[in-house]
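Peer 1: I need the structure of the sequence given here:
(one chain, ligands or ions: 1)
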Amino acid sequence: MSHPVMRKCSFCGAIREKSLLYRFVKDKDESIIWDKFQTAPGRGAYLCRKNDCLKKAEKKASLQRSLKAKGAYFFEIPKVGVDR
Ligand SMILES: [Zn+2]
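Peer 2: Model prediction:
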């Protein structure tokens, strides 16, 4: 059995299985996009699938800091519970 891949939420610091977090990457234009299928190349940042982390991370620019993006907000916050 292999160990699950663990990642840390950029907002609250919780460490969870990667598949249980949302992954975000920096786009070419410095905006932050949701990497829905967790397959985009480059450095990723992760957030819990909780409204709390998603909303507060946006307010506090947690992803911008993690990804060293120049302040552009991610244009789509995934809706918690919609998982496809
Ligand atoms: Zn979190």
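Peer 1: quick one: classify Ser66 as helix, strand or coil.
Peer 2: Under DSSP: H, G, I helix; E, B strand; the rest coil, Ser66 falls in the helix class.
Peer 1: hmm, stretch 37-45 in reach of the ion?
Peer 2: No: using CB under 5 Å from the ion, no contact is recorded between stretch 37-45 and the ion, whose separation bottoms out at 11.3 Å. C-beta coordinates here come from the backbone N, C-alpha and C atoms, glycine included.
Peer 1: what residues sit buried inside that stretch?
Peer 2: Using 16 or more other CB atoms under 10 Å as the test for burial, stretch 37-45 gives 40, 44-45.
Peer 1: can you check the distance spanned by that stretch, start to finish?
Peer 2: 13 Å (CA to CA, to the nearest Å).
Peer 1: contacting residues around it?
Peer 2: Contacts to stretch 37-45, defined as CB atoms under 8 Å, 6 or more residues apart in numbering, come from residues 7, 10, 18-19, 23-26, 32-33, 35, 62-63, 66-67.
Peer 1: can you rerun that using 10 Å?
Peer 2: Residues outside stretch 37-45 that contact it (CB atoms under 10 Å, 6 or more residues apart in numbering) are 5, 7-11, 18-19, 21-27, 32-35, 46, 57, 62-69, 74.
Peer 1: show the average pLDDT along that stretch.
Peer 2: Averaging pLDDT along stretch 37-45 gives 92.
Peer 1: restrict the contacts of stretch 37-45 to those near the ion?
Peer 2: Filtered for proximity to the ion (CB under 5 Å from the ion), these shrink to 9, 11.
Peer 1: so of the contacts of stretch 37-45, which ones are in helices?
Peer 2: Among the contacts of stretch 37-45, the members found in helices (DSSP state H) are 57, 62-67.
Peer 1: what does Gly44 show for phi and psi?
Peer 2: The phi/psi pair for Gly44 (degrees, to the nearest 10) reads phi -110, psi 160.
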